[in-house]
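pasting a predicted model and its sequence here:
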Amino acid sequence: MSGKHEITRDHIIPVEQYAGERKNRRSALVELKRNRRVEVGPVCSFYFENYETMWNQIHEMLFIEKGGEAQIEDELNAYNPLIPQGRELVATVMFEIDDPVRRGALLGKLGGVEETAFIQIGDRIVNGKPEADLDRTSAAGKASAVQFIHFPFTDTEVEAFRRPGAQAVLGFKHPHYAHMSVMPEAVRAALAGDFD
């Protein structure tokens with residue numbers, strides 16, 4: 001849904017109200033997220049965020065942590081930067097490996113992976129830009145299992161991405177994780193709605 005770029009205190013409902021609506025809201029969120037996820041390579045998933053996914057995330061944090069009014073501002077500050085601002089897509093990127101030994105070995109080779117993400121539409125490449133809140137590659141070159149990546153589009157790139165049937169390829173150029181995936185058409189169409 002384009003047009004909603006920020007969650008404010010006025011958008012936060014009481015925890016009790018959320019608790020009563022939680023089951024239905026979570027079912028609706030599962031349906032929404034179905035066309036906002038793309039697997040890239042054997043162990044990585046991109047979860048494309050929007051106002052609704054972040055609204056739900058904030059309410060889940062408030063529900064689970066029960067921090068009350070004092071917690072709200074922190075959650076708004078944490079999750080508002082992940083809402084697309086009209087000419088971008090924003091993804092939470094997760095390297096999902098259950099085995100801690102395998103996970104540590106792979107992430108130890110993936111330093112800087114967040115700098116190599118891209119979306120290609122035709123001959124145009126939109127390079128990802130990591131969320132600037134903190135460095136997600138350690139000094140030792142180990143990548144975090146969770147990354148937050150923005151993809152800033154030009155007007156021409158938005159037009160190309162919005163074209164029904166346009167092939168959008170999502171991937172990494174990292175030497176140890178050079179994987180790509182074509183976005184399913186249903187995902188491309190859903191994400192096209194993130195642009196104003």
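Cool, got the structure. Predicted model only: the values in this text are computed from it and were never measured. Residues are numbered from 1 along each chain as shown.

can we go C-alpha only for contacts and neighbour counts from here?
Fine.

so where do the strands sit in the protein?
Applying DSSP state E to the chain gives strands spanning 37-40, 44-48, 88-95, 117-121, 124-127, 129-130, 146-152, 168-172, 180-182.

what does the shortest one contact?
With CA atoms under 8 Å, 6 or more residues apart in numbering as the contact definition, strand 129-130 has outside contacts at Glu114, Glu115, Ala117, Gln147, Phe148, Ile149, His150, Phe151, Pro152.

for those, work out which two are farthest apart.
Farthest apart among the contacts of strand 129-130 by CA to CA are Gln147 and Pro152. That separation is 16.1 Å.

buried ones in the longest helix along the chain, by neighbour count?
The helix that spans the most residues within the chain, counting by DSSP state H, is helix 15-34. Within helix 15-34, the residues that count as buried by 16 or more other CA atoms under 10 Å are Val15, Tyr18, Arg22, Lys33.

same thing with stretch 45-64?
45-56, 58-60, 62-63.

closest one of the buried residues of helix 15-34 to Gly68?
Val15 (8.2 Å).

show me what contacts the closest one?
Counted by CA under 8 Å, 6+ apart, Val15 has contacts His59, Leu62, Phe63.

quick one: Ala189 and Gln167, what's the gap?
Distance, Ala189 to Gln167, by CA to CA, to the nearest Å: 11 Å.

correction: Lys142
Lys142 is 32 Å from Gln167, by CA to CA.

Ile72 now?
Ile72 is 40 Å from Gln167, by CA to CA.

could you do Glu6 as well?
30 Å.

now do Glu157
12 Å.

so what sits against both of these two?
Ile121.

tally of neighbours for Phe153?
Using other CA atoms under 10 Å, Phe153 is surrounded by 20 other residues.

pull the contacting residues for it.
Contacts of Phe153 (CA under 8 Å, 6+ apart): Arg87, Glu88, Leu89, Val126.

now rank these by neighbours and give me the top one.
Leu89 (24 neighbours).

ok, now how distant is that residue from His11?
For Leu89, the distance to His11 - CA to CA - is 22 Å.

same deal with Val126?
32 Å.

list the contacts of the spatially most central residue of the chain.
Geometric centre of the chain, nearest residue: Ala91, 2.0 Å, by CA atoms, centre = their mean. Going by CA under 8 Å, 6+ apart, Ala91 touches Phe46, Tyr47, Phe48, Glu49, Leu82, Phe148, Ile149, His150.

how close does it get to Glu21?
26 Å.

what's the answer for Arg136, then?
Taking CA to CA, one finds Arg136 at 35 Å from Glu21.

got any ranges where the chain has weak pLDDT?
Counting by pLDDT under 70, the chain contains low-confidence ranges at 1-3, 133-135, 139.
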